[in-house]
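Asker: Curious how this folds, go ahead:
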Amino acid sequence: MEAIVYGEFGGHEVLRHESAVAVPEPGAGEVRVKVAAVGVNPVDWKRRYGWVEEFYPTTFPAVPGLEFAGTVDALGEGVTGVRVGDEVFGWTKTGAYAEYALAGTIAPKPAALSWEQAASIPVAGETARRVLDLLDVAAGETLLLHGAAGAVGAVAAQLAVAAGVTVIGTASERNHAFLRGLGVTPVTYGEGLADRVREAAPQGVDAVFDAAGHDTLPVSVELLGGKKSRIVTIAAPDAHEHGIVFSGVTVEETVARRLLTELAALVADGRLRLDLAETFPLKEAARAQELSESGHVRGKLVILL
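Answerer: Below is the predicted model of the structure:
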């Protein structure tokens, strides 16, 4: 099969497009899928650099990609509740930048969702929901959301606003109109951020969700008056140096399947908006990761097979 493979840590140049990679065979209790679409995430290139080995230990040669949408192709012994030909989406065990992959946690893909939409849900949706739960943010509170226009940030913003939370979102000025459309009060990041947040939220900030990771933690601590217990980052590798919680992807199968189903329903009926930034063929996966790494993407990058 075709797949993107890398055999060492490094920049996007270590990614190789290969056409003779062995197709994975499902073992007992496993499902194989024919991949139709792959969501590109910052964790893909962070893994490629070797920066998140604590959470995602790498065995070379490695195939990137956590999330996918596709069609069930083969079933291992003892699999129930899913049939060959079912359209599903979720996480993979073997890497999603490939024609075929062994599925991890999956849920049925609603017919109303495109492959691109379905592949955009798992990582952003699970991450947004997990961090909001960790922060225990509630109606009437104010959330500062760094990186609000990114894939994770936009989902988190919508879920928080729907729950009655006031959201102040940092983003470049070109994304402010987009954020206002989501019910977010936008502020420009960079020097003077603390003053701009205080002006936008004179009532103060109750919690901080950092999905950006660009020197955001010191100002976040300042805005919370030194209180660190209600700051969570998914992007700052130096979180521990600041005494801040870093939260990586944690997928518990039963809970995750239910969450995927709920999020897909929200997208299908228009209550959750997913913006597609750009699509790429598999051969251009390195370019997709390079664009993701630039940090200037609004919406989701998706690889189509």
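
Asker: Spatially nearest residue to Arg130, not counting backbone neighbours?
Answerer: Ser247 (6.4 Å; Cβ to Cβ, 6 or more residues apart in numbering). For every residue, glycine as well, the C-beta is placed using N, CA and C.

Asker: pretty sure the one you found contacts Val232?
Answerer: Yes: the pair Ser247 / Val232 is scored as a contact, 5.4 Å apart, by Cβ atoms under 8 Å.

Asker: Look at these two and report which has more neighbours.
Answerer: Val232 (23 against 17; other Cβ atoms under 10 Å).

Asker: For the closest residue to Leu135 other than its chain neighbours, what are phi and psi?
Answerer: Distance criterion Cβ to Cβ, 6+ apart; nearest residue to Leu135, sequence neighbours excluded, is Ala207 at 4.4 Å. Main-chain dihedrals, Ala207, degrees, to the nearest 10: phi -160, psi 160.

Asker: how far away is Ala207 from Ala201?
Answerer: Distance, Ala207 to Ala201, using Cβ to Cβ, to the nearest Å: 12 Å.

Asker: what is in contact with Ser247 and Val232 at once?
Answerer: 131, 134 (Cβ atoms under 8 Å, 6 or more residues apart in numbering).

Asker: Low-confidence ranges, the chain, go.
Answerer: Low-confidence segments of the chain (pLDDT under 70): 249-252.

Asker: That one: strands as residue ranges?
Answerer: In the chain, the segments counted as strands under DSSP state E are 3-5, 16-18, 31-40, 67-75, 87-92, 100-108, 142-146, 166-170, 185-187, 207-210, 231-233, 245-246, 276-281, 300-304.

Asker: any chance of these in CSV, plus distance to Ala160?
Answerer: Output for these, formatted as CSV (distance: least, Cβ to Cβ, whole Å):
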stretch, distance to Ala160
strand 3-5, 34
strand 16-18, 39
strand 31-40, 21
strand 67-75, 22
strand 87-92, 23
strand 100-108, 23
strand 142-146, 5
strand 166-170, 5
strand 185-187, 12
strand 207-210, 8
strand 231-233, 13
strand 245-246, 18
strand 276-281, 22
strand 300-304, 19
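
Asker: Quick one, which of those gets closest to Pro122.
Answerer: strand 67-75 (4.0 Å; Cβ to Cβ).

Asker: Any idea how many residues pack against the closest residue to Gly104 other than its chain neighbours?
Answerer: Excluding the flanking residues, the one nearest Gly104 by Cβ to Cβ, 6+ apart is Trp91, at 4.1 Å. By other Cβ under 10 Å, 22 other residues sit near Trp91.
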